[in-house]
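*Asks:* for reference, the sequence and a predicted model appear below.
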Amino acid sequence: MRVALPFLLLFIGSAASAREFPGERFTRFSGFDLGRTTLADVQARFGSSRIRESGDAGEYLAEICYAAPFGDVRFMSPEIGGGVHLLGYAIDGIKSTSDCPASRHVLPAGAAGLELGMTRRRFQSILGTHVDWTPDTGSARFEFKTTMPSASVDTTISIIGTFRGDRLIKLVVWRIEST
(Lines give C-alpha, C1' and ligand atoms only; values in the text may rest on other atoms or scores of the structure.)
Protein backbone atom coordinates (compact mmCIF):
# COMPACT_ATOMS: atom_id res chain seq x y z
CA MET A 1 0.00 0.00 0.00
CA ARG A 2 2.88 2.40 0.75
CA VAL A 3 4.21 1.99 -2.80
CA ALA A 4 0.80 2.46 -4.42
CA LEU A 5 -0.03 5.68 -2.52
CA PRO A 6 2.55 7.92 -4.31
CA PHE A 7 1.34 6.65 -7.69
CA LEU A 8 -2.28 7.25 -6.73
CA LEU A 9 -1.48 10.80 -5.59
CA LEU A 10 0.45 11.43 -8.81
CA PHE A 11 -2.52 10.19 -10.87
CA ILE A 12 -4.99 12.36 -8.91
CA GLY A 13 -2.71 15.38 -9.29
CA SER A 14 -2.42 14.94 -13.05
CA ALA A 15 -6.17 14.48 -13.44
CA ALA A 16 -6.79 17.67 -11.45
CA SER A 17 -4.32 19.67 -13.56
CA ALA A 18 -5.97 18.40 -16.77
CA ARG A 19 -9.43 19.35 -15.51
CA GLU A 20 -11.52 21.38 -17.90
CA PHE A 21 -13.47 24.24 -16.37
CA PRO A 22 -17.03 25.16 -17.42
CA GLY A 23 -17.14 26.86 -20.81
CA GLU A 24 -13.52 26.13 -21.76
CA ARG A 25 -14.52 23.82 -24.60
CA PHE A 26 -15.97 26.86 -26.43
CA THR A 27 -12.59 28.64 -26.34
CA ARG A 28 -11.04 26.16 -28.76
CA PHE A 29 -11.71 26.98 -32.39
CA SER A 30 -10.09 25.76 -35.59
CA GLY A 31 -6.99 24.47 -33.83
CA PHE A 32 -6.43 27.50 -31.58
CA ASP A 33 -7.04 28.06 -27.86
CA LEU A 34 -8.13 31.55 -26.86
CA GLY A 35 -5.56 33.14 -24.57
CA ARG A 36 -2.84 30.72 -25.66
CA THR A 37 -1.92 31.96 -29.14
CA THR A 38 -1.48 35.13 -31.20
CA LEU A 39 -3.00 36.74 -34.26
CA ALA A 40 0.33 36.07 -36.01
CA ASP A 41 -0.13 32.33 -35.33
CA VAL A 42 -3.56 32.51 -36.99
CA GLN A 43 -2.10 34.32 -40.01
CA ALA A 44 0.66 31.73 -40.29
CA ARG A 45 -1.94 28.98 -40.57
CA PHE A 46 -4.71 30.61 -42.60
CA GLY A 47 -2.75 33.10 -44.71
CA SER A 48 -2.12 36.80 -44.78
CA SER A 49 -4.92 39.03 -43.57
CA ARG A 50 -4.63 42.72 -42.80
CA ILE A 51 -4.90 43.59 -39.09
CA ARG A 52 -7.82 45.96 -38.68
CA GLU A 53 -7.64 48.23 -35.64
CA SER A 54 -10.43 50.29 -34.12
CA GLY A 55 -11.15 52.20 -30.92
CA ASP A 56 -8.68 53.34 -28.32
CA ALA A 57 -7.80 52.53 -24.70
CA GLY A 58 -10.42 50.11 -23.29
CA GLU A 59 -12.33 50.12 -26.58
CA TYR A 60 -9.31 49.10 -28.68
CA LEU A 61 -9.71 46.04 -30.90
CA ALA A 62 -7.34 44.41 -33.38
CA GLU A 63 -8.83 41.76 -35.64
CA ILE A 64 -8.11 39.72 -38.72
CA CYS A 65 -10.80 38.15 -40.86
CA TYR A 66 -11.22 35.44 -43.45
CA ALA A 67 -13.98 34.78 -45.94
CA ALA A 68 -15.69 31.41 -45.67
CA PRO A 69 -18.43 29.83 -47.82
CA PHE A 70 -21.01 30.60 -45.10
CA GLY A 71 -19.83 34.16 -44.26
CA ASP A 72 -16.83 35.56 -42.37
CA VAL A 73 -14.65 34.44 -39.46
CA ARG A 74 -12.87 37.01 -37.28
CA PHE A 75 -10.04 36.44 -34.83
CA MET A 76 -9.81 39.24 -32.25
CA SER A 77 -7.45 40.79 -29.72
CA PRO A 78 -8.81 43.60 -27.52
CA GLU A 79 -6.77 46.10 -25.48
CA ILE A 80 -6.19 43.55 -22.71
CA GLY A 81 -4.62 41.25 -25.33
CA GLY A 82 -2.34 44.03 -26.52
CA GLY A 83 -3.67 43.70 -30.06
CA VAL A 84 -1.50 40.59 -30.30
CA HIS A 85 -2.93 37.75 -28.18
CA LEU A 86 -5.98 35.91 -29.52
CA LEU A 87 -8.77 36.36 -26.96
CA GLY A 88 -11.90 36.14 -29.13
CA TYR A 89 -13.40 34.86 -32.34
CA ALA A 90 -16.59 35.55 -34.29
CA ILE A 91 -18.29 33.27 -36.79
CA ASP A 92 -20.69 35.33 -38.90
CA GLY A 93 -23.18 33.67 -41.22
CA ILE A 94 -23.62 36.86 -43.21
CA LYS A 95 -20.87 37.82 -45.62
CA SER A 96 -19.58 41.29 -44.88
CA THR A 97 -18.70 43.72 -47.62
CA SER A 98 -15.18 44.02 -46.20
CA ASP A 99 -12.06 42.74 -47.87
CA CYS A 100 -11.62 39.52 -45.88
CA PRO A 101 -9.32 37.21 -47.86
CA ALA A 102 -10.07 33.53 -48.37
CA SER A 103 -8.46 31.19 -45.86
CA ARG A 104 -5.86 28.61 -46.91
CA HIS A 105 -7.83 26.01 -44.90
CA VAL A 106 -11.50 25.28 -44.38
CA LEU A 107 -13.01 27.27 -41.51
CA PRO A 108 -15.81 25.61 -39.52
CA ALA A 109 -19.24 27.17 -39.12
CA GLY A 110 -19.22 26.50 -35.38
CA ALA A 111 -17.34 25.31 -32.34
CA ALA A 112 -17.94 22.72 -29.61
CA GLY A 113 -21.43 21.92 -30.88
CA LEU A 114 -22.54 25.54 -31.40
CA GLU A 115 -23.25 25.80 -35.13
CA LEU A 116 -24.63 28.50 -37.39
CA GLY A 117 -28.25 27.70 -38.23
CA MET A 118 -29.02 26.00 -34.89
CA THR A 119 -32.15 26.88 -32.93
CA ARG A 120 -32.28 28.96 -29.75
CA ARG A 121 -33.33 25.91 -27.77
CA ARG A 122 -30.36 23.87 -29.03
CA PHE A 123 -28.00 26.80 -28.35
CA GLN A 124 -29.13 26.94 -24.71
CA SER A 125 -28.99 23.18 -24.36
CA ILE A 126 -25.40 22.95 -25.62
CA LEU A 127 -24.25 25.82 -23.39
CA GLY A 128 -25.68 23.95 -20.41
CA THR A 129 -26.00 27.10 -18.31
CA HIS A 130 -28.28 30.10 -17.87
CA VAL A 131 -28.67 32.20 -21.03
CA ASP A 132 -29.76 35.85 -20.89
CA TRP A 133 -32.08 36.57 -23.81
CA THR A 134 -32.91 39.79 -25.66
CA PRO A 135 -35.07 39.75 -28.79
CA ASP A 136 -32.12 38.91 -31.10
CA THR A 137 -29.34 37.61 -28.84
CA GLY A 138 -28.58 35.00 -26.22
CA SER A 139 -25.54 35.40 -23.99
CA ALA A 140 -23.93 33.24 -21.34
CA ARG A 141 -20.93 33.64 -19.05
CA PHE A 142 -18.70 31.09 -17.42
CA GLU A 143 -16.49 32.31 -14.59
CA PHE A 144 -13.88 30.43 -12.61
CA LYS A 145 -10.71 30.98 -10.63
CA THR A 146 -7.49 29.00 -10.94
CA THR A 147 -4.49 29.18 -8.66
CA MET A 148 -1.03 29.33 -10.17
CA PRO A 149 2.20 29.14 -8.17
CA SER A 150 2.60 32.94 -8.22
CA ALA A 151 -0.98 34.24 -8.49
CA SER A 152 -4.67 33.54 -8.66
CA VAL A 153 -6.25 33.96 -12.11
CA ASP A 154 -9.90 34.92 -12.69
CA THR A 155 -11.24 33.74 -16.04
CA THR A 156 -14.44 34.87 -17.76
CA ILE A 157 -15.67 33.17 -20.91
CA SER A 158 -18.47 35.03 -22.71
CA ILE A 159 -20.54 33.50 -25.47
CA ILE A 160 -22.96 35.63 -27.50
CA GLY A 161 -25.26 34.22 -30.15
CA THR A 162 -27.17 36.47 -32.56
CA PHE A 163 -30.36 35.05 -34.02
CA ARG A 164 -32.58 35.84 -36.96
CA GLY A 165 -35.92 34.36 -36.04
CA ASP A 166 -35.06 31.08 -34.35
CA ARG A 167 -31.73 30.48 -36.14
CA LEU A 168 -28.18 31.33 -35.05
CA ILE A 169 -26.55 33.67 -37.57
CA LYS A 170 -23.51 34.86 -35.56
CA LEU A 171 -21.44 33.41 -32.72
CA VAL A 172 -18.92 35.42 -30.68
CA VAL A 173 -16.71 33.91 -27.96
CA TRP A 174 -14.30 35.76 -25.62
CA ARG A 175 -11.87 34.51 -22.99
CA ILE A 176 -10.57 37.16 -20.58
CA GLU A 177 -8.15 36.38 -17.76
CA SER A 178 -7.04 38.73 -14.99
CA THR A 179 -4.94 38.45 -11.86
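*Replies:* That came through, no problem.

*Asks:* can you get me a residue count around Glu79?
*Replies:* Residues near Glu79, counting by other Cβ atoms under 10 Å, number 15. To be clear about C-beta, it is placed using only N, CA and C from the backbone, and glycine gets the same treatment.

*Asks:* what's near enough to touch it?
*Replies:* Contacts for Glu79 (Cβ atoms under 8 Å, 6 or more residues apart in numbering) come out as Gly55, Ala57, Gly58, Glu59, Tyr60, Leu61.

*Asks:* also Phe123?
*Replies:* The neighbourhood of Phe123, defined by Cβ under 8 Å, 6+ apart, consists of Leu114, Val131, Gly138, Gly161, Phe163, Leu168.

*Asks:* tell me which of those residues fall in strands.
*Replies:* Within these, residues falling in strands by DSSP state E are Leu114, Gly138, Gly161, Phe163, Leu168.

*Asks:* got these as CSV, with distance to Asp92 columns?
*Replies:* Below are those laid out as CSV (distance: Cβ to Cβ, whole Å):
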residue, distance to Asp92
Leu114, 13
Gly138, 16
Gly161, 12
Phe163, 13
Leu168, 11
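
*Asks:* could I get those residues as a markdown table with pLDDT?
*Replies:* A markdown table is the format used below for the ones in strands among the contacts of Phe123 (pLDDT from 0 to 100):
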| residue | pLDDT |
| --- | --- |
| Leu114 | 97 |
| Gly138 | 97 |
| Gly161 | 98 |
| Phe163 | 97 |
| Leu168 | 97 |
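
*Asks:* for Gly58, helix, strand, or coil?
*Replies:* In three-state terms, and counting by DSSP: H, G, I helix; E, B strand; the rest coil, Gly58 is helix.

*Asks:* how about it, nearest residue that isn't a chain neighbour?
*Replies:* Of all residues not flanking Gly58 in the chain, Glu79 sits nearest, at 5.6 Å (Cβ to Cβ, 6 or more residues apart in numbering).

*Asks:* check which helices and strands whatever helix or strand Ile91 lives in sits against.
*Replies:* Assigned by DSSP states H and E, Ile91 belongs to strand 88-92. Counting contacts by 3 or more Cβ pairs under 8 Å, 6 or more residues apart in numbering; DSSP states H and E, strand 88-92 packs against strand 71-78, strand 110-111, strand 167-178.
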